[in-house]
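Trainee: Task: produce atomic coordinates for the following.
(one chain, ligands or ions: 2)
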Amino acid sequence: MNHYSTSSIEHFVVSARQMAAIEQRIFDLGMPVAALMEKVAGLITQRLIDLFKGVSKVGIIVGPGHNGGDAAVVARELHLKGYNVAIYRPLNKGKELTQAHLDYVKSLGVTITNHLGELESCEVIVDGLFGFGMTRSLDGELANAVKTINQWSIPVVSIDLPSGIHTDTGEVLGSAIAADYTFCLGLWKLAFFQDTALPYLGKPTLIDFGIPLADVEAVVKESTVVKRMSANLARSLLPLPRPLVTHKYKQGHLLIIAGSYQYAGSVILAGLGARKSGVGMVSIAAPASLKPMLVTHLPEALIIDCPETTEGAIAELPSVATQWEKYNAVAVGPGLTLDAQSLLSPILDAPIPLILDADGLNLLAQMNPEKTLKSRHQTTILTPHPGEFRRLFPNLDATDTITKVQTVAKASNSCILIKGARSAIAGNNQETWVIPESTPALARGGSGDVLTGLLSGLVAQSHPQKLSPTTITAIAATWHAQAGIMASQQQSELGVDAFTLTQYLTQFVMGNQFDT
Ligand SMILES: NC(=O)C1=CN([C@@H]2O[C@H](COP(=O)(O)OP(=O)(O)OC[C@H]3O[C@@H](n4cnc5c(N)ncnc54)[C@H](O)[C@@H]3O)[C@@H](O)[C@H]2O)[C@H](O)CC1
Ligand SMILES: [K+]
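Mentor: Ligands and ions are numbered 1, 2, ... in the order given. Alright, predicted model coming up:
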């Protein structure tokens, strides 16, 4: 673990297999299974009571495994507190502990039915059908029940995961409960950071039931660790510290190679993103005709005029733009167009960190990306959206974003960020990060250019913490997403144009209203 604080429960993201192993370790050390279930269900019950004040009738769905066991204990506790509880149990079989809880709750007089209709008059439904033990697709009657519940307008709280969602990939297995709230138990599961699961999760929260960190680290250190870059964690690492005695070139010199006559604004947006990163110096290599405009918008930047093609793309780079010893990082891509064809090859030889986005990625897609990237001797960071990613790696056999970034990072010896509602990042050392929040307001032209500039500006800065490029990329992605969230809260989703976004970047670093 690094010296900064990722060693807390909320920063780990586990697979179903890892969760089961952690749980097993706890049981092997002497914790009784039933005691853990009791503890977890007590916390779930209290959160339900706090969330749904004034509610009196609660429907509880109890599945065959321990997810159902949790739900049965919740049913008992709510009944004892005076709630009107009805249990829907679609499958007659069940694990022993689950069955024991059901037998007891039945003896207390709680209705247990296999007719879903009896829950239609409930004010809240608790989904304990399946948790991380779900392995097979839902079909037949179970799938129909899930569809019916989704059609009702009764709020649904899922225990651990919405039933039907694959714990790791976030895929819908046949059909899935569309929850309003999901209480994730103990540790965040991978599904919470997969775009496919998002429409089903509702508002996700973690129920920390006191898993000792030592048990988590004992299990996840051997396999791939996935970490969650929360807003608070990103903010604790920003701004990158500057020594008291320094000068602009010691704070990093970033070269941005971007722009064309057609996409002139992309250079400005990348430049504004870089400005907000705190980087010491920015040089911009762009088509010569853009210079007056660039000087107006980015007076602090050094503009390197590039000869243009007839279409207004960069035709070639002047020698000053390839004197790599002058720069600490180079960002390539925004607005280049595919006319800037010959540009990329010499840049790929640059012995400094390279950040590729947009047309930088599209140009790379034409030149055997995996092999090309592998031959580089310095850090390479790619920031594709899913479309660009597919063009780069069309034959990749992986369904979910987290596996995709991990697979490609390893095969290409690079750091990959796939941008989405939930972005994921992996580095060649298999360090993996997920970004827990974003806003659809960021799905807007120019927003990616801002991220490119911001990220590249961070990469160019030397800093005593020596964060890995993968960690830096995760920080930039969270910073960008949180600035978007802040902008949309204050200006509505309509107000989050790329320029406005840049104005919220500093506010995120200074703000204290984010507690995720
Ligand atoms: N460590 C924790 O976080 C704790 C978790 N608890 C809860 O336990 C579940 C996991 O329990 P488990 O019994 O392993 O799995 P499930 O409840 O998800 O159910 C598995 C059960 O269902 C069968 N099954 C799977 N798919 C299907 C299907 N399509 N159709 C029919 N049956 C299916 C499978 O064969 C199993 O029998 C976790 O999520 C938490 O909610 C503990 O209570 C506390 C600690
Ligand atoms: K569930």
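Trainee: Rounded mean pLDDT for the helix of greatest length in the chain, please.
Mentor: Among the elements of the chain assigned as helix by DSSP state H, the one spanning the most residues is helix 469-491. Per-residue pLDDT values over helix 469-491 give a mean of 97.
Trainee: What helices and strands are in contact with the helix or strand that that helix is followed by?
Mentor: Per DSSP states H and E, helix 469-491 leads on to helix 498-510 as the next helix or strand towards the C-terminus. When contacts are defined as 3 or more CB pairs under 8 Å, 6 or more residues apart in numbering; DSSP states H and E, helix 498-510 packs onto helix 231-236, helix 265-277, helix 447-460, helix 469-491. C-betas here are computed from N, CA, C, even on glycine.
Trainee: will you turn those helices into JSON lines that also has distance to residue 379 and mean neighbour count?
Mentor: What follows is these, written out as JSON lines (distance: least, CB to CB, whole Å; neighbours: other CB atoms under 10 Å):
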{"stretch": "helix 231-236", "distance to residue 379": "20", "mean neighbour count": "19"}
{"stretch": "helix 265-277", "distance to residue 379": "16", "mean neighbour count": "27"}
{"stretch": "helix 447-460", "distance to residue 379": "8", "mean neighbour count": "29"}
{"stretch": "helix 469-491", "distance to residue 379": "5", "mean neighbour count": "25"}
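Trainee: any idea how far the spatially most central residue of the chain is from residue 227?
Mentor: Here the mean C-alpha position of the chain is nearest to the C-alpha of residue 435 (CA atoms, centre = their mean), at a distance of 2.7 Å. Residue 435 sits 11 Å away from residue 227, going by CB to CB, to the nearest Å.
Trainee: and if you look at residue 460?
Mentor: When distance is defined by CB to CB, residue 460 is 24 Å away from residue 227.
Trainee: Could you tell me which residues touch both of residue 435 and residue 227?
Mentor: Common neighbours of residue 435 and residue 227 are listed as residue 474 (criterion: CB atoms under 8 Å, 6 or more residues apart in numbering).
Trainee: Domain map for this protein?
Mentor: 9-227, 231-283+324-510 (automatic domain parsing).
Trainee: lowest-pLDDT helix or strand in the protein?
Mentor: Taking mean pLDDT, DSSP states H and E as the measure, the helix or strand of the chain with the lowest value is helix 213-220, at a mean of 93.
Trainee: Which positions within that one qualify as buried?
Mentor: Along helix 213-220, these residues count as buried under the neighbour rule (16 or more other CB atoms under 10 Å): 215-216, 219-220.
Trainee: hmm, back to that, please export the C-alpha coordinates of the longest helix of the chain as CSV.
Mentor: The C-alpha atoms that make up helix 469-491 are tabulated as CSV, following Å, rounded to 0.1, in the frame of the first residue of the first chain:
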residue,chain,number,x,y,z
PRO,A,469,0.8,7.4,-13.6
THR,A,470,-2.2,5.1,-13.0
THR,A,471,-3.0,6.8,-9.7
ILE,A,472,-2.5,10.3,-11.3
THR,A,473,-5.0,9.2,-14.0
ALA,A,474,-7.5,8.1,-11.4
ILE,A,475,-7.1,11.4,-9.6
ALA,A,476,-7.7,13.4,-12.8
ALA,A,477,-10.8,11.3,-13.7
THR,A,478,-12.3,11.9,-10.2
TRP,A,479,-11.4,15.6,-10.2
HIS,A,480,-13.0,16.0,-13.7
ALA,A,481,-16.2,14.1,-12.6
GLN,A,482,-16.6,15.9,-9.3
ALA,A,483,-16.2,19.3,-11.0
GLY,A,484,-18.9,18.2,-13.4
ILE,A,485,-21.1,17.2,-10.5
MET,A,486,-20.5,20.4,-8.7
ALA,A,487,-21.2,22.4,-11.9
SER,A,488,-24.5,20.6,-12.5
GLN,A,489,-25.6,21.1,-8.9
GLN,A,490,-25.1,24.8,-9.2
GLN,A,491,-26.0,25.4,-12.9
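Trainee: Show me what it is packed against.
Mentor: In terms of contact count using 3+ CB pairs under 8 Å, 6+ apart, helix 469-491 is assigned the packing partners helix 231-236, strand 415-418, strand 424-426, strand 432-434, helix 447-460, helix 498-510.
Trainee: closest to residue 283 out of the ones you listed?
Mentor: For the helices and strands packed on helix 469-491, the distance to residue 283 is smallest for helix 447-460, at 10.4 Å, taking CB to CB.
Trainee: how about the helices in the stretch 251-400 of the chain?
Mentor: Listed from the start of the chain, the stretch 251-400 of the chain has helices (DSSP state H, counting those that start in this stretch) covering 265-277, 291-297, 344-348, 359-365, 369-374, 386-392.
Trainee: Just send the ones you listed back as CSV, with distance to residue 13 and mean pLDDT too.
Mentor: Listed next are the helices of the stretch 251-400 of the chain as CSV, based on distance: least, CB to CB, whole Å; pLDDT from 0 to 100:
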stretch, distance to residue 13, mean pLDDT
helix 265-277, 26, 98
helix 291-297, 39, 97
helix 344-348, 33, 95
helix 359-365, 26, 97
helix 369-374, 26, 96
helix 386-392, 20, 96
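Trainee: Can you check which of those gets nearest to residue 491?
Mentor: Each of the helices of the stretch 251-400 of the chain has some distance to residue 491 by CB to CB; the shortest is helix 265-277, at 17.0 Å.
Trainee: Centre of the chain to the closest one, how far?
Mentor: Taking the mean C-alpha point of helix 265-277 and that of its whole chain, the gap between them comes to 23 Å (CA atoms, centre = their mean, to the nearest Å).
Trainee: same thing with stretch 16-30?
Mentor: Its chain's C-alpha centre lies 25 Å from the corresponding centre of stretch 16-30 when counted by CA atoms, centre = their mean.
Trainee: Could I get the buried residue list for that stretch?
Mentor: Neighbour-count burial for stretch 16-30 flags 16, 18-19, 21-23, 25-26 (criterion: 16+ other CB under 10 Å).
Trainee: near ligand 2 at all, that stretch?
Mentor: No: contact of stretch 16-30 with ligand 2 (CB under 5 Å from the ion) is absent, the minimum separation being 12.8 Å.
Trainee: CA atoms only for that stretch, dumped as PDB, please.
Mentor: Extracted as PDB, the C-alpha positions of stretch 16-30 are listed here (Å, rounded to 0.1, in the frame of the first residue of the first chain):
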ATOM      1  CA  ALA A  16     -17.600 -12.300  -5.500                       C
ATOM      2  CA  ARG A  17     -14.800 -14.800  -5.100                       C
ATOM      3  CA  GLN A  18     -12.700 -12.400  -3.000                       C
ATOM      4  CA  MET A  19     -15.700 -11.500  -0.900                       C
ATOM      5  CA  ALA A  20     -16.400 -15.200  -0.300                       C
ATOM      6  CA  ALA A  21     -12.800 -15.800   0.700                       C
ATOM      7  CA  ILE A  22     -12.700 -12.800   3.100                       C
ATOM      8  CA  GLU A  23     -15.900 -14.000   4.700                       C
ATOM      9  CA  GLN A  24     -14.500 -17.600   4.900                       C
ATOM     10  CA  ARG A  25     -11.400 -16.300   6.700                       C
ATOM     11  CA  ILE A  26     -13.500 -14.500   9.200                       C
ATOM     12  CA  PHE A  27     -15.600 -17.700   9.800                       C
ATOM     13  CA  ASP A  28     -12.400 -19.800  10.100                       C
ATOM     14  CA  LEU A  29     -11.100 -17.500  12.700                       C
ATOM     15  CA  GLY A  30     -14.100 -18.200  14.800                       C
END
